[in-house]
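Participant: Attaching a predicted model along with its sequence, questions to come.
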Amino acid sequence: MKKIESLIDRLGVDFGDKSLLDIALLHRSYSSAHQIEKDNERLEFLGDSILNACVSDIIFRRFPDNNEGDLTKIRARLVSRKALRVWGNTLGLSEYIQLSDKMKDYVAKSQTHIVENAMEAVIGAIYLDRGYAAAHSFIKDYIEKQDFHKVVDFKSRLQELSVEMFGKLPEYKVISEEGPAHRKEFRIAVSVNEKISGKGRGNSKKEAQQAAAEKAYKKISDSR
């Protein structure tokens, strides 16, 4: 088991009470096997609530023109089991989680939510030790690395806006197509009311169109 100080460096959070982080990494199986009264489940419960609150606040400010449905979809993706697992694995969290020997054998054979749950517990520990602002900052750093093009359908939103304002559909045009077949990069421009309003890049036409649509949507929305 690696020393907790190396995880603290990865987290980028200056813990005052490191015992909170120790508990966040203490799986119930280990506590039971070693007759320890505490485990990470209470911190997991707290961290889940803090994560949802922070993500809601961050995306509410990040997407001022998106409706409740869009924001709900974005939040669901960012707090999903898959997202937490990827986040936890990026931090190498599994190297620090304390499990019983029996549970280690089970984990090796089965898909569990141990990393995801520990990730929530870590957030709970950060909140208790450093406060809401520190937890918010930690979560925001993670969110800013995400690709929102896969969550918000800016093509649909731009289409609705274009029809509403001009009675016309947006038009997309490929500007360039570069790179080998397995690693193409497309540059696409979108015109609204016969004027180029946004350009985007992507490894597929769909991705480039979404990127162009996002820029056009924000540009037109800001000018209303």
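Facilitator: Cool, got the structure.
Participant: mind checking which helix or strand of this protein has the lowest mean pLDDT?
Facilitator: helix 101-109 (a mean of 65; mean pLDDT, DSSP states H and E).
Participant: So which other helices or strands are in contact with the very next helix or strand once past it?
Facilitator: Once helix 101-109 ends, the next helix or strand along the chain (criterion: DSSP states H and E) is helix 114-130. For helix 114-130, the elements it packs on are helix 18-24, helix 41-62, helix 81-90, helix 132-143, judged by 3 or more Cβ pairs under 8 Å, 6 or more residues apart in numbering; DSSP states H and E. Any C-beta I mention is one placed from the backbone N, CA and C, and that applies to glycine too.
Participant: if you set the cut-off to 10 Å instead, what comes out?
Facilitator: Where contact means 3 or more Cβ pairs under 10 Å, 6 or more residues apart in numbering; DSSP states H and E, helix 114-130 is packed against helix 4-11, helix 18-24, helix 28-33, helix 41-62, helix 81-90, helix 101-109, helix 132-143.
Participant: Only C-alpha atoms, please: export that helix in CSV.
Facilitator: Provided in CSV are the C-alpha atoms of helix 114-130 (Å, rounded to 0.1, in the frame of the first residue of the first chain):
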residue,chain,number,x,y,z
ILE,A,114,-15.2,0.3,-5.0
VAL,A,115,-13.2,3.0,-6.8
GLU,A,116,-16.3,5.1,-7.6
ASN,A,117,-17.4,4.9,-3.9
ALA,A,118,-14.0,5.8,-2.7
MET,A,119,-13.9,8.8,-5.0
GLU,A,120,-17.1,10.1,-3.4
ALA,A,121,-15.6,9.5,0.0
VAL,A,122,-12.5,11.4,-0.9
ILE,A,123,-14.7,14.4,-1.9
GLY,A,124,-16.5,14.1,1.4
ALA,A,125,-13.1,14.1,3.2
ILE,A,126,-12.0,17.2,1.4
TYR,A,127,-15.2,19.0,2.3
LEU,A,128,-14.9,18.1,6.0
ASP,A,129,-11.3,19.0,6.2
ARG,A,130,-11.0,22.1,3.9
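Participant: average pLDDT across that helix?
Facilitator: Helix 114-130 shows a mean pLDDT of 96.
Participant: how far off helix 132-143 does it point, in degrees?
Facilitator: 140 degrees (axes from the mean of the first three to the mean of the last three Cα atoms, to 10 degrees).
Participant: From the chain's centroid, how far away is helix 114-130?
Facilitator: Taking the mean of its C-alpha atoms, helix 114-130 sits 15 Å from the chain's own mean (Cα atoms, centre = their mean, to the nearest Å).
Participant: List the buried residues for that helix?
Facilitator: Of all the residues in helix 114-130, those buried under the rule 16 or more other Cβ atoms under 10 Å are 114-130.
Participant: now swap in stretch 66-83 and tell me
Facilitator: Across stretch 66-83, burial judged by 16+ other Cβ under 10 Å covers 66, 70-71, 74-75, 78-79, 83.
Participant: In helices only, show me these.
Facilitator: 70-71, 74-75, 78, 83 (DSSP state H).
Participant: Can you name the residues that contact the residue nearest to the spatial centre of the chain?
Facilitator: Centroid check for the chain by Cα atoms, centre = their mean gives Leu78 as the closest residue, at 3.7 Å. Applying Cβ atoms under 10 Å, 6 or more residues apart in numbering to Leu78 gives the contacts 51-52, 54-56, 58-59, 84, 87, 139, 142-143, 146, 148, 151.
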